[in-house]
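**Student:** give me a model of this one.
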Amino acid sequence: MDELDYSYYEALNAGDTNLGLDFFKPSVNAKPPTIMQVLPSLNSGGVERGTLEISKALITAGWKSIVVSQGGSMVNQLKNEGGIHVELAVGSKNPINWFSCYRQIKDIMLKYEVDLVHARSRMPAWLALNATKAVPTHFITTFHGRHNDTNRLKKFYNSVMTRGEKTIAISSYIASEIMIRHRIKPTKLYIIPRGVDPYYFNQNTVSRERKDKLKLHWGVPDNIPVIMLPGRVTRWKGHELLIKSLTRLHDLSFFCIFVGPYDDKKKFKKDLEHLIRKNNLTSKTKFVGDCADMAAAYKLSDIVISASLDPEPFGRTIIEAQAMGKIVLASKHGGAIESIIEGKTGWLFEPCNPIALSDRLRNALNIDDLERSTVSSNAERHIRRNFSTEEMCARTLSVYTEVLGLNSIGNDN
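**Tutor:** Numbers count the residues shown, from 1 in each chain. Below is the predicted model of the structure:
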């Protein structure tokens, strides 16, 4: 590829939509940029997955990737894909640890010759921001959620996420919240939606064996429509709302699975199970815990629910389910409005309203095969065109190149 003197965004605007990560490969004699991402941990979650996706993209593009966190279950994957992990308790809110972490972050930046620090959480951002002032280094952030600012101290604490040279918002909803709550120039703010891997989340690449293995393990009955709510068992995710909506569907055949961890919410789970028994839904519902093969989980489901009581900052499960060609029903607020085309790729319902959700579920359970197939095809095509992981990574690397002042990106061979 010849050297290019325009950004990825400019290339897109010029009509070049097939650039790929090769667009960012440094010239043969150029020093590869080194990017350091900082976040509290590398356990399961949308922030963590996004971090790994960017790390992998950096390696693919010939850059260097450093991730600083206190560790977790995803560290091995990061290392296997070529990233470097440095274990450090950057998420600690104990003031005793702050100076030590700050000093160690500076040492890491010097050791690996870091060109840019990308903070993904508030406490790590404060530590990294001060380190980048001591060791002059570029600093940007990503707003992954809507942080409450009920008092001036909280608002100041949150403001670190707007103190970088650029701020990335994961949805238009989050971008609007940032503009309302913080004094930030529009030119500093980028909207980069989360992405989904169209090869992993693809109903054609998930084998029947994988689906059947999961179905047997969870005890999901045959020949019955399967409703799934994926997400950590916590009050705001809407598990109770879904259960209440199911009480109005006793005349219909279905089996509902709640997929997500609940170890730290055992009391809330017991309350939900009591509500299930009270409404004679025990034989129709099941909590199955966390799942390592979410593509197979989507594959065995017919309808996927996002019933969040508060607006989802983005809603990764919504795009994953659509990529798998599943019928998706979601609360009509937050990021869901941006990723579902109403009536074409899924349906939205009034938030916190069990009757509205119940009505949508009844319609979804009763649609004919032709309409189901049409919605499925629309959803898959919509996600592949607008929410791919590669597109998300390329747009993020484009921000890096702009901040670093790399006006010429491309392999000059």
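**Student:** can you give me how far stretch 337-354 is from the chain middle?
**Tutor:** In this view, stretch 337-354 has its centroid 18 Å away from the chain centroid, taken as Cα atoms, centre = their mean, to the nearest Å.
**Student:** an error on my part: the question was meant for stretch 375-392.
**Tutor:** Averaging C-alpha positions (Cα atoms, centre = their mean) puts stretch 375-392 15 Å from its chain's average.
**Student:** what are the ranges of the strands in the stretch 201-350 of the chain?
**Tutor:** Using DSSP state E, counting those that start in this stretch, the strands of the stretch 201-350 of the chain run over 226-230, 255-259, 285-289, 303-306, 327-331, 347-349.
**Student:** what residues are up against the closest residue to G238 other than its chain neighbours?
**Tutor:** Using Cβ to Cβ, 6 or more residues apart in numbering and skipping residues adjacent in sequence, the residue nearest G238 is A307, 2.9 Å away. C-betas here are computed from N, CA, C, even on glycine. Going by Cβ atoms under 8 Å, 6 or more residues apart in numbering, A307 touches 229, 237-239, 241-242, 330-331, 357.
**Student:** cool, Y190 as well?
**Tutor:** Residues counted as contacts of Y190 (Cβ under 8 Å, 6+ apart) are 166-169, 395, 399.
**Student:** that older thread, just so I know, which of the strands of the stretch 201-350 of the chain lies nearest I319?
**Tutor:** I319 sits nearest to strand 327-331 of all the strands of the stretch 201-350 of the chain, at 8.9 Å, using Cβ to Cβ.
**Student:** give me the angle between that closest one and strand 226-230.
**Tutor:** If you take axes from the mean of the first three to the mean of the last three Cα atoms, to 10 degrees, strand 327-331 sits at 50 degrees to strand 226-230.
**Student:** in its sheet, what does strand 327-331 sit against?
**Tutor:** strand 303-306 (parallel), strand 347-349 (parallel) (DSSP bridges).
**Student:** from P313, how far off is I170?
**Tutor:** Relative to P313, I170 is positioned 6 Å away (Cβ to Cβ, to the nearest Å).
**Student:** please apply the same query to R120.
**Tutor:** 13 Å.
**Student:** check I96 too.
**Tutor:** Separation of I96 from P313 (Cβ to Cβ): 31 Å.
**Student:** and the strands in the stretch 51-200 of the chain, which stretches?
**Tutor:** 64-69, 84-87, 116-119, 138-143, 166-169, 189-191.
**Student:** out of the ones you listed, deepest packed?
**Tutor:** Highest mean neighbour count of those: strand 116-119, a mean of 26 (counted as mean count of other Cβ atoms under 10 Å).
**Student:** for that one, packing partners?
**Tutor:** strand 34-38, helix 122-134, strand 138-143, helix 389-404 (3 or more Cβ pairs under 8 Å, 6 or more residues apart in numbering; DSSP states H and E).
**Student:** what is the second one packed up against?
**Tutor:** Helix 122-134 sits against strand 34-38, helix 95-111, strand 116-119, strand 138-143, helix 152-158, with contacts defined as 3+ Cβ pairs under 8 Å, 6+ apart.
**Student:** and that helix, how far out from the chain's middle?
**Tutor:** Counting by Cα atoms, centre = their mean, helix 122-134 comes out at 23 Å from the chain centroid.
**Student:** buried ones in that helix?
**Tutor:** Neighbour-count burial for helix 122-134 flags 122-129, 131-132 (criterion: 16 or more other Cβ atoms under 10 Å).
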